[in-house]
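> test case, fold it:
(3 chains)
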Amino acid sequence: MLEVRGLTKRFGALRASDGIDFDVAEGETHAVIGPNGAGKTTFISQLAGNLRPDSGSVRFAGADITALPAPRRARLGLARSFQITSVYPDFSALHNVALAIQAHSGHSFRFWRDARSDPSLLHRAKNVLHEVGLGGRSQVLAANLAHGEQRQLEVAMALATRPRLLLLDEPMAGMGAEESQRMIALLASLKRRHTIILVEHDMDAVFRLADRISVLVYGRVIATDTPEKIRRNEEVRQAYLGSEA
Amino acid sequence: MKPRLVLWGLAIALLVALPPLATALEQTYYIDLVRRMLILSIAAISLNLILGYGGLVSFGHAAYLGVGAYSVGIMAFYGVSSGWLQWPLAVGASALVALAIGAVSIRTSGIYFIMITLAFTQMLYYLGISLAEFGGDDGMRLKAKSQFSGLINLGDPVAFYYLALALMLFSVFLVYRIVNSRFGMVLRAAKSNDARTRAIGFSPYFYRLAAFVLAGAMCGLAGALYANHTNYITPGLMSWQQSGDLMFMVILGGMASTAGPVIGTFALLLIEEALKGWTEYWQVVLGPLLVLSVIFFKRGLAGMFYKPDA
Amino acid sequence: MTWGLVFEQLLNGLQYGVMLFLMAAGLTLVLGIMNMVNLAHGSLYMVGAYLAVALTGWTGNYFAGVALALLGTLLIGMAVEVVALRALYHRDHLDQVLATFGLILFFNELVSMIWGRGAQYASLPGWLQGHIDLFTGSRYPVYRVAILVVGLSTALILWYVVTRTRLGMLVRAGASNRTMVGALGVNIRLLYTVVFGVGAALAGLAGLMAGPIYAVQPGMGELILIQVFVVIVIGGIGSVRGALVGAIIVGVVDTLGRAFLKPLLASVISPPAAEAAGPALASMLIYLLMAVVLAVRPSGLFSSR
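Below is the predicted model of the structure:
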C-alpha cells in the first residue's frame, strides 16, 4: 500500500532522514519506533505531505505521491492524526468530525444550504464519535474536552475521512495509564479493518498492536521485523530498548 | 422566541420607523446620517466575511468601495446613468479586482498578507489620483444619480434610505447563509486551524480566494450606493485610513458575528459624529480611544449582548 | 533624455532608496524579532521631521537641532513602546494593526494641533545648500549627496553591528527564533527595547533628512510607510540585508519610472495616451514589482524564516 524508497531530508548539516526505505502492506499495522531526535516526526511529515523530501520517493497504492501536497494526499485516502493535538477548539466534537466527513463527500463550494444541521454529515459523524468512545460528548466544544478525549477526537477525525491508510503520530501522547488502555483497545479494534502506520513511544502499545516494527535511529531504519525479533535484536536493544522490553 | 431574533426585530422596526419620525420632528438630517451608516454597514459586513470568519486581515478592503464608486461615476461621466448597467458593473469590476489582488495576496499569510493588501490598495489609490480625467486628487462629481427606469428615485432621500436598508438586511442575510453553508464551514475551519484543514483534505487557498472575491463584490455594491449618497467620488475612498475605519467597524462590533459589523459601523460613526461636534481635532481623541478599545475590549460590542456564533 | 539626466535620476533613486532603507531596517527588525506590526513607525518619521524644524528654529543651530530631534524621536519612540506597544506584543497581528492605526490618528492630529495642517518649511544651513558638478557635466544638490553619504554610512554601521558584534548576533538569532533566544537567558525585554529604540532613531533620522526635500506635513509618515512595506515584502522580514537591497530596488525603480516612463511610452504610443497612462503606470510600478517578487518568492528575497 505504501512504498518509500531512499527518503532523504537534510536541515543544513543535519540528516533528519537518511535514505529511508519503508513498506506497509495492506491491512498491516506497522509501528515506527526510535529515540527522541531519531527523525520520526520528520518522516511522518514527509509521508503526510507537510514536508518535501530532498530526494527519494513515496508511492501510495501504486501512485507516486512524492510531490503532492497534504490536502491531495488526504483526498487520496491518507489520513493522519497529529502528535500535538490539532483539532478545531472552537467547534464542537461533532462538528470537528463533520468537517472531516465533509471533506470527503462531494465538493464544498455550496453557499446556501446550512451545513451545521446536514443529516448526511451529522449522522456519520455521530457514528464515528461513537466508534472512538466519544458518543456522549458530541456537543462539547473541543477545547473543553479532556486531553485524552482530544486524542480520541484526533483519531475520530482521521477515521471520518474513510482512509485507506492511517498515519497515527503518537496517539497516546500525554495520556495516563487508564486512558492509554482505552486507546489501545480502540486501536486494536481498528486493526482488522484499516492499514495503520503507528508512531509511538509507548512500548506496551507497540508490541501489542504491531504486525511489524521499524526502528528509526538518526534518520536511518536500523531494523524492520516482527515484534519478537525486534525485541531480541541486539542493535536495537543497544540503540533504543535497553532492558525495557 | 429566541432573544436574538427579538433584538433584530426591534432594530429593524426602529430603522424602518426612522424616516417618518425624523420628518415629523423636522430632523431630516438623521435620515442622511443613518443612510450613510447603512451603506457603510454593507462594506463592514463584507469585510466581516473574510476578516471575522475567514481570518484574513485584509488592510485594503476600502479599495472595493473605490472601484464600485468609480464604476458608477465613470459610467455616469460618459452618459450611462442607468443603474441597471452601472451597479452590476460596479459589482463585477470589484469582483475582478478582488480576484486579481486575492490571487497574489492569499498565497502569503501573516504580516506579509497585511502589508500586501495595504500596498495594493495604495496602488489603486495612486491610480485614482493620477487619472486626471476623473478629477485626480480632487475627485469628481457624480453627473447624475443612477436611474432605475422610474422604479425608484434615488434623489428622494427617504426612498434611497429604504433601498439602503433593504440592501443592508439582504447583505446580512446573505453572509449568514454563506458562513453556515459547507463553504462557510471550510472557511471558518481554515481560520480555526489551517494545518488540520489541510490534513483532512481541503486546500484553503481556493476557499479564501472565493470568499475574498465575494467580499470584494459586496463592497463594490456599497461603493455604488456610496457614490449616489455623497454625489462625489474621490480617491480618498480607497485610502488606507478608510480601510482602517472599516476594520474598526468590524472589530468594534465583534468579529464573526452576524450583527457585529452593523453594530460596529453604527457605533464608530456615532462616536465620530459626537466627537466632531465637540472639537475640530476629534481624531486626537478617537485615536487613543481606538487603542484602548483594542487593548481592553476583546470581543467587541456584540459580545456584550450574546455569545458570537459558534 | 540624456545620459546625464539618467545618471542624475539614478542618484535621486539611490538617495530615496537610502531613506527607505533607514525606515525599513528598523521596521524589519521589529517585525522579525518582536513579530509586531507597527504602523506607527511612520509617525516617528514625521515626529523626526517636525522636531528638526522646530528645534533648528529654536536653537538657531542646524547641528543642535538635528541632534536634539534625533534624541527627541528616540525618547518619544521609547515612550510609545512602554505605554502602548508593550501591551501588544502577545496579541495577534490584527490587534497590533488596529492599535497602531489608532496611534497614527493620534499623532497626525497632535501635530496638526501644534503646527497646523499645512506644510512646514524646513530650512538648510548655507553649507548644505549648494550644488556640486557631476562628471556628466550637470549639477547635483549637495544636500542629496549628504543624504546618500549619511545613509550609506548608517547602512555600513548597521552591517557591522549586525554581522560582527554580539548584539548583532542576538538580533539575527532573535529574528529567526525568538523563543530560543529567550530560553538562552538573554534579557528579551532589554533586547526589544534596544531594537525598538534603534528603529525609532533611524526613522527619526530619515524624517529629519527628508524635511528639506519633501513636504513636512501631517500624514507624511504613512505615504512613505507603505512603500517601506513594499521594501520589506521584497527584501524579506527580519533581514537588514534584504531591507537594503529592497530599498535600493524600490527607490531606483520608482524614481526612474516616474522620470522616464512617460517619455519612454510616448516614443511607442501616442503622446496623449502616454500623458494619461505614464503617470498612472509609474505610480503602480513598484507594486507590480512587488507582485512579481511575491509570485516567485512568497517570503521575500532574503527572508530569515
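> show me where chain C has helices.
Using DSSP state H, the helices of chain C run over residues C:3-34, C:41-59, C:62-80, C:93-115, C:142-164, C:166-176, C:178-183, C:188-210, C:220-235, C:240-266, C:271-296.
> near chain B, which residues of chain A?
Neighbours of chain B within chain A, by Cβ under 8 Å from any Cβ of the partner chain: A:48, A:50, A:69-72, A:74-75, A:79-80, A:82, A:86-92, A:95, A:99-100, A:102-104, A:108-116, A:118, A:141, A:157, A:160-161. Heads up, the C-betas are built off the backbone N, CA and C, glycines and all.
> quick one: residue A:22 is in a strand?
Yes: secondary structure of residue A:22 (DSSP: H, G, I helix; E, B strand; the rest coil): part of a strand.
> beta partners for it?
Partner residues in beta bridges with residue A:22: residue A:4, with DSSP bridges as the criterion.
> ok, it touching residue A:28?
No: Residue A:22 sits out of contact with residue A:28 when judged by Cβ atoms under 8 Å, with a separation of 11.8 Å.
> ok, these two, which is more surrounded?
Neighbour tally, residue A:22 and residue A:28, criterion other Cβ atoms under 10 Å in any protein chain shown: the higher count belongs to residue A:22, 20 against 17.
> wait, does stretch B:181-192 make contact with chain A?
Yes: judged by Cβ under 8 Å from any Cβ, stretch B:181-192 comes into contact with chain A at B:181-186, B:189, B:192.
> quick one: contacts for residue A:196?
Counting by Cβ atoms under 8 Å, 6 or more residues apart in numbering or on different chains, residue A:196 touches A:28-30, A:165-166, A:168, A:187, A:190, A:209.
> most surrounded residue in those?
Going by other Cβ under 10 Å, residue A:168 tops those with 29 neighbours.
> in chain A, which residue sits closest to chain C?
Of all residues in chain A, residue A:12 sits closest to chain C, with a separation of 12.4 Å (Cβ to the nearest Cβ).
> count the neighbours of residue C:166 for me.
Once other Cβ under 10 Å is used to define contacts, residue C:166 is seen to have 8 neighbours.
> should've said residue B:241
Taking other Cβ under 10 Å as the criterion, the count of residues near residue B:241 is 17.
> check which helix or strand it maps to.
With secondary structure defined by DSSP states H and E, residue B:241 is part of helix B:240-253.
> just want the angle from that helix to helix C:220-235.
For helix B:240-253 against helix C:220-235, the angle between stretch directions is 90 degrees (axes from the mean of the first three to the mean of the last three Cα atoms, to 10 degrees).
> what mean pLDDT does helix B:240-253 have?
The predicted model assigns helix B:240-253 a mean pLDDT of 90.
> mind listing what the residue nearest to residue B:136 when sequence neighbours are not counted touches?
Once flanking residues are discounted, residue B:136 sits nearest to residue B:129: 5.5 Å by Cβ to Cβ, 6 or more residues apart in numbering or on different chains. Contacts here follow Cβ under 8 Å, 6+ apart; on that basis residue B:129 touches B:136-137, B:235, C:283.
> packing partners for the strand or helix carrying residue B:6?
Here residue B:6 is covered by helix B:3-24, with elements defined by DSSP H and E. Taking 3 or more Cβ pairs under 8 Å, 6 or more residues apart in numbering or on different chains; DSSP states H and E as the contact definition, the neighbouring helices and strands of helix B:3-24 are helix B:29-48, helix B:157-180.
> which positions in it come out as buried?
Judged by neighbour count using 16 or more other Cβ atoms under 10 Å in any protein chain shown, the buried positions of helix B:3-24 are B:8, B:15, B:18-19, B:22.
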